[in-house]
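Peer 1: Structure for this input, please:
(one chain, ligands or ions: 1)
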Amino acid sequence: MKLKIITSNAGKAVEFRTALGSLGIEVEPQDEDCDEIQADTLEEVVRSCLSQLRSKGLGDYVLDDSGLFINALGGFPGVYSAYALRTIGIDGILRLMDGRADRSARFECCIGCSFKGEEFVVKGRCDGIISERPSGKGGFGFDPIFVPSGYEETFAEMSIDVKNGISHRGRAIQALSETLRGKV
Ligand code: IMP
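Peer 2: Predicted coordinates for the structure are as follows:
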């Protein structure tokens, strides 16, 4: 089975290829434009992208929207994660966390899939904490400041396979493969 991954984020494409490849699904990245609407949830953004791409004849594809939700900041940056990374960056997030006792956070991932003309959405989440300082060179985005529950190291210090085994995207991809298995 072959799926296109609609993204301009090389880090995401690698994670999809690694995780789906091990499930026997071939992944081909495709850079296709989708206007990210301003919405309260990742699922609304994903459903909007699915509907924008519907008429483009792309065949079978997946796309995802993900975000980092920090409890002490009322869920910020959440659906604004890409904007926050571009503007205040990791250092800005750490400054906002200065002196906060509650450093709990979660990553969420919502995947939209169009397969054989049918569209569906699956989700994954990973709980953890925001570290005091950035650590690690792997991954992308907020990986250097996110320590998943039960681990001592950040996502950026883990191998891609370990991250995929526990991450929000890895879990959503697992749900995706189970759903796809019922449709082939
Ligand atoms: P989007 O899903 O491309 O809109 O990404 C939202 C933002 O969250 C981007 O700035 C990403 O870098 C960040 N992000 C999404 N997934 C991850 C992840 O697995 N690790 C670190 N940052 C992530």
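
Peer 1: How many residues are close by the residue in the chain that the ligand sits nearest to?
Peer 2: Nearest residue of the chain to the ligand (Cβ to the nearest ligand atom) works out as residue 141 at 2.3 Å. For the C-beta atoms, the positions are set from N, CA and C on the backbone; glycine is no exception. Applying other Cβ atoms under 10 Å, we find 20 residues neighbouring residue 141.

Peer 1: How about residues contacting the helix or strand residue 48 falls within?
Peer 2: In the assignment (DSSP states H and E), residue 48 maps to helix 42-53. Residues outside helix 42-53 that contact it (Cβ atoms under 8 Å, 6 or more residues apart in numbering): 6, 32, 34-37, 39, 61, 63-67, 79, 108-112, 114, 119, 121, 123.

Peer 1: helix or strand right after that helix?
Peer 2: Next along the chain after helix 42-53, taking DSSP H and E as the criterion, comes strand 61-70.

Peer 1: Put the alpha carbons of the helix holding residue 48 into CSV.
Peer 2: The C-alpha coordinates for helix 42-53 follow below in CSV (Å, rounded to 0.1, in the frame of the first residue of the first chain):
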residue,chain,number,x,y,z
LEU,A,42,-6.6,20.3,15.7
GLU,A,43,-9.5,18.2,14.3
GLU,A,44,-11.2,21.3,12.8
VAL,A,45,-7.9,22.3,11.1
VAL,A,46,-7.5,18.7,9.8
ARG,A,47,-11.1,18.5,8.5
SER,A,48,-10.7,21.8,6.8
CYS,A,49,-7.5,20.6,5.0
LEU,A,50,-9.2,17.4,3.9
SER,A,51,-12.0,19.4,2.4
GLN,A,52,-9.6,21.9,0.7
LEU,A,53,-7.7,19.0,-0.9
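
Peer 1: List the buried residues of it.
Peer 2: Neighbour counts over helix 42-53 (16 or more other Cβ atoms under 10 Å) mark 42, 45, 46, 47, 48, 49, 50, 53 as buried.

Peer 1: next one: stretch 63-78
Peer 2: Of the residues in stretch 63-78, those buried (16+ other Cβ under 10 Å) are 63-71, 73, 75-78.
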